[in-house]
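Asks: how would this look folded up:
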Amino acid sequence: MHVAELWRFPVKSMAGEPLGQAEVRPDGIVGDRVAYVIGAHGRIVTARTRPRLLGHGATLGMDGEPQVDGRPWRAPEVERDVVAAVGVGARLVLADGLERFDVLPLLVATDGAIRVLGADGRRLRPNIVIGGVSGLAERTWEGARLRIGDVVIGVQDLRQRCIMTTFDPDTLEQDTGVLHRINREFGGRVALNCYVVRPGTIAVGDLVELTRLA
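Replies: Down below sits the predicted model:
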């Protein structure tokens, strides 16, 4: 098995950026979900209720600050786009804790499960895609560990999927059949909630070793 893809999502619920390598710390990939949208009510807003957020691409600038569609996250144009996607009073803020993650700091998907699902793997919004996996083998990995060079990642459990999987990453066209199939054939869960046991740097092409704990 090997690392087939690496993804970072500098702004929660916006499109992410592919990486050739990534620094993995205890709180996940450096630069991942370092900003999110707050609504007028003062709570985090995601694409579950405001899917237009998915139509904006977030990257990390050379200064370590998030950018939205190539513009600094504080730019007035970005503020207008966020309000248009979410509503009056919405704004981008920098994250300062683990509240920016839905479950755990890493989401790991496998090429085998993506093939069986038959949908664009970007719908799952993984940080790491592991290649060379047979079918639905990931469903037996709960409680195991993944070693990638010096980095060790713990596998907690399968991820419960939501309506965000129904939106095409490029067109935002909705296909509710994707989530219906995940619920019907996968018990509603695809890809793996993971945590960092040993930090370090990983890269596309690195070998991945699965270790089952006694």
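Asks: Roughly how far does Gly20 sit from Val208?
Replies: 16 Å (CB to CB, to the nearest Å). Backbone N, C-alpha and C define where each C-beta goes, glycine included.
Asks: When these two are compared, which one has more neighbours?
Replies: Taking other CB atoms under 10 Å, Gly20 and Val208 do not tie; Val208 has more neighbours (22 against 8).
Asks: wait, isn't that one in contact with Val108?
Replies: No. Using CB atoms under 8 Å, Val208 is not in contact with Val108, being 9.5 Å away.
Asks: what residues are shared contacts of those two?
Replies: Ile130, Leu146 (CB atoms under 8 Å, 6 or more residues apart in numbering).
Asks: For Asn193, see how far away His2 is.
Replies: His2 is 21 Å from Asn193, by CB to CB.
Asks: okay, those two: which has more neighbours?
Replies: Per other CB under 10 Å, whichever of His2 and Asn193 has more neighbours is Asn193, with 21 against 15.
Asks: The more buried one bridge partners, please.
Replies: Leu107, Asp157 (DSSP bridges).
Asks: Can we start the residue count at 29 from this point?
Replies: Understood, numbering begins at 29; the last thing we discussed is Asn221.
Asks: On the pLDDT front, check it for me.
Replies: Here, the pLDDT recorded for Asn221 equals 98.
Asks: Now for it: which residues touch it?
Replies: So Asn221 contacts Val131, Leu132, Leu134, Leu135, Val183, Gln184, Asp185, Leu186, Arg187 (CB under 8 Å, 6+ apart).
Asks: Try it again at 6 Å.
Replies: Neighbour list for Asn221: Val131, Leu132, Gln184, Asp185, Arg187 [criterion: CB atoms under 6 Å, 6 or more residues apart in numbering].
Asks: Just the buried residues out of these, in ChimeraX syntax.
Replies: Burial among the contacts of Asn221 is assessed by 16 or more other CB atoms under 10 Å; the matching ChimeraX selection reads:
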select :132,187
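Asks: number of nearby residues for Gly98?
Replies: Once other CB under 10 Å is used to define contacts, Gly98 is seen to have 11 neighbours.
Asks: Quick check: the gap between it and Val232.
Replies: For Gly98, the distance to Val232 - CB to CB - is 23 Å.
Asks: just Val73 next, same as before
Replies: Distance from Val73 to Val232, by CB to CB: 32 Å.
Asks: Domain parsing of this protein, as residue ranges.
Replies: According to automatic domain parsing, the chain comprises the domains 30-55+130-239, 61-125.
Asks: Quickly compare those domains and say which is most buried.
Replies: domain 30-55+130-239 (a mean of 18; mean count of other CB atoms under 10 Å).
Asks: That one: end-to-end distance?
Replies: The separation between the terminal residues of domain 30-55+130-239, taken as CA to CA, to the nearest Å, is 14 Å.
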